[in-house]
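just the structure for this:
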Amino acid sequence: MEHLAKKLTNYILKKGIITEELVEIYQYGFQCFLELSVSTICSIIIALFLGMLPECLFFFLLFIPMRSYGGGLHMKTYFACFIGSCFILTSSLLTVKYLTIPLYIAFTLYIFTTILILFIGPVDHPNREVDVQDNRTFIKRTHFTMLISFLLALFFIFTQNTKYMFLQAIVFTFIFTTSLIGRLIYKQS
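The predicted model follows:
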């Protein structure tokens, strides 16, 4: 992705669209756009292949804000992150598709992992400095996402929607796992 981002940036530089001072900014922007696009397209393909697009969208409704604001383990390369993300998405969707557990067990797992996530707290990556104000903002946004997820959990219990309750429990299990691993690894750094 970095190579393609450099090519795109050099192209618009040669066309006179940007100046030399903006090369790094545009290269970074192109790289982020390309990586996000590839990940999104691949996720949609996985969801369509499994016939689970609504479940995939629900997965990301919870997973993206929780990972963005709660932190946790981060891979060293885009490719490793891409493979890990595809694995988490695919395994979550396949689990929900082929395994059914009672609603109360799914809800209990969700509550248990939510409490553990709150206990661990936000996990900062050593390469991204977060000041006290940023940390407070991330905690508020994480708590807001958890509040929304709790209201969704209550809705799923009320409507007896075992599938989405189980998917929510799986998402929070992965969030807890990546947070715990991140906490253990980055504490030593």
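
figure out the helix or strand that the residue nearest the centre of the chain lives in.
Taking CA atoms, centre = their mean, the centroid of the chain lies closest to I64, which sits 3.6 Å from it. Secondary structure assignment for I64, by DSSP states H and E: helix 53-70.

buried set for that helix?
By neighbour count with 16 or more other CB atoms under 10 Å, helix 53-70 contains the buried residues 55-56, 58-63, 65-67, 69-70. Glycine gets a C-beta too; all of them are placed from N, C-alpha and C.

farthest pair within those?
Farthest-apart pair in the buried residues of helix 53-70 is E55 and Y69; separation 22.4 Å (CB to CB).

with pLDDT and distance to I105 added, can I get the buried residues of helix 53-70 in JSON lines?
Formatted as JSON lines, these follow (pLDDT from 0 to 100; distance: CB to CB, whole Å):
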{"residue": "E55", "pLDDT": "97", "distance to I105": "19"}
{"residue": "C56", "pLDDT": "96", "distance to I105": "23"}
{"residue": "F58", "pLDDT": "96", "distance to I105": "19"}
{"residue": "F59", "pLDDT": "96", "distance to I105": "19"}
{"residue": "F60", "pLDDT": "94", "distance to I105": "24"}
{"residue": "L61", "pLDDT": "94", "distance to I105": "22"}
{"residue": "L62", "pLDDT": "94", "distance to I105": "19"}
{"residue": "F63", "pLDDT": "92", "distance to I105": "21"}
{"residue": "P65", "pLDDT": "89", "distance to I105": "25"}
{"residue": "M66", "pLDDT": "89", "distance to I105": "21"}
{"residue": "R67", "pLDDT": "86", "distance to I105": "24"}
{"residue": "Y69", "pLDDT": "79", "distance to I105": "27"}
{"residue": "G70", "pLDDT": "77", "distance to I105": "24"}
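
just those residues now: which is nearest T159?
For those, the nearest to T159 is F58 (13.8 Å; CB to CB).

mind listing what the closest one touches?
Neighbouring residues of F58 by CB atoms under 8 Å, 6 or more residues apart in numbering: 164, 167-168.

K163 now?
55, 96, 100.

in CSV: those, plus distance to H143.
What follows is the contacts of K163, written out as CSV (distance: CB to CB, whole Å):
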residue, distance to H143
E55, 25
V96, 26
T100, 31
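
and of those residues, the nearest to T113?
V96 (15.5 Å).

neighbouring contacts of stretch 67-76?
Identification of contacts with stretch 67-76 by CB under 8 Å, 6+ apart yields 81, 84, 117, 122-125, 127, 138-139, 141-142, 145, 175, 178-179, 181-183, 185.

now list the buried members of the residues you listed.
117, 122-124, 138, 141-142, 145, 175, 178-179, 182-183.

lowest-confidence one in those residues?
Least confident of those in the model: D124, at 71.

what's the distance between that one and G182?
9 Å (CB to CB, to the nearest Å).
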